[in-house]
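> Provided below for reference: sequence and predicted model.
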Amino acid sequence: MRCPIDSNELIKTRYEASIEVDQCPACQGMWLDQGELEAIQETRDHDYSAELNALPNVVAQSYRLAQARHEATYRCPKCDADMSKREYGYGSQVMIDVCPSCRGIWLHQNEIQELEVFFERSQAETRSLRDGFLLSLVSLFRRG
């Protein structure tokens, strides 16, 4: 497969555990086949604690997201279909290129790291909300 950005041959490489992805040696973009992003989300090989403890720069992320919406669209390196741009998930502020045909995903340099921080922050927030809800239920039942 060739990089949709610069046409370099994509190189198979291991990313987190045993997940094999295709990466461009020049632009560091990454091709993920269907299901690989979800598999990466399930693993925790990289330590993002510093990023999780820092406040996100929402203004810079919003600006990059707005710019990405207006970038050129690319051809799928796997099946040559026109890919579409969309923000991944609710509130990730990461624009990804998705192939509607083979369901693969093209990520530009550093977007995988941004998505992993988003996944971990979302999971931590969910745990915090769940724990707070459970504590309020326990407190309510103790009063009653």
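On my side now, so go ahead. Numbers count the residues shown, from 1 in each chain.
> any idea of the pLDDT on the residue nearest to the spatial centre of the chain?
Compute the mean C-alpha point of the chain, and by Cα atoms, centre = their mean the closest residue is Leu115, 2.9 Å away. With respect to pLDDT, Leu115 scores 89.
> the one 10 residues further on too?
According to the model's per-residue confidence, Glu125 sits at a pLDDT of 71.
> what's the weakest-modelled helix or strand in this protein?
Taking mean pLDDT, DSSP states H and E as the measure, helix 49-53 is the helix or strand of the chain with the lowest mean score, a mean of 66.
> so who does the residue nearest to the centre of the chain touch?
The contact partners of Leu115, by Cβ atoms under 8 Å, 6 or more residues apart in numbering, come to Leu37, Gln41, Tyr88, Ser92, Val94, Leu107. Where C-beta positions appear, they are placed from N, C-alpha and C, glycine not excepted.
> look up how far Asp80 lies from Cys102.
In this view, Cys102 and Asp80 are 10 Å apart by Cβ to Cβ, to the nearest Å.
> ignore what I typed, I meant Ile112.
Ile112 is 23 Å from Asp80, where distance means Cβ to Cβ.
> of those two, who's got more company?
Ile112 (24 against 11; other Cβ atoms under 10 Å).
> helices of this structure, start to end?
Along the chain, counting by DSSP state H, helices occupy 36-42, 49-53, 58-69, 111-143.
> what about this structure, any weak spots by pLDDT?
Counting by pLDDT under 70, the chain shows low-confidence ranges at 45, 47-59, 62-63, 127-135, 137-138, 140, 144.
> rerun that using 80 as the cut-off
Low-confidence segments of the chain, defined by pLDDT under 80, span residues 17, 44-70, 90, 122-144.
> understood, closing this out.
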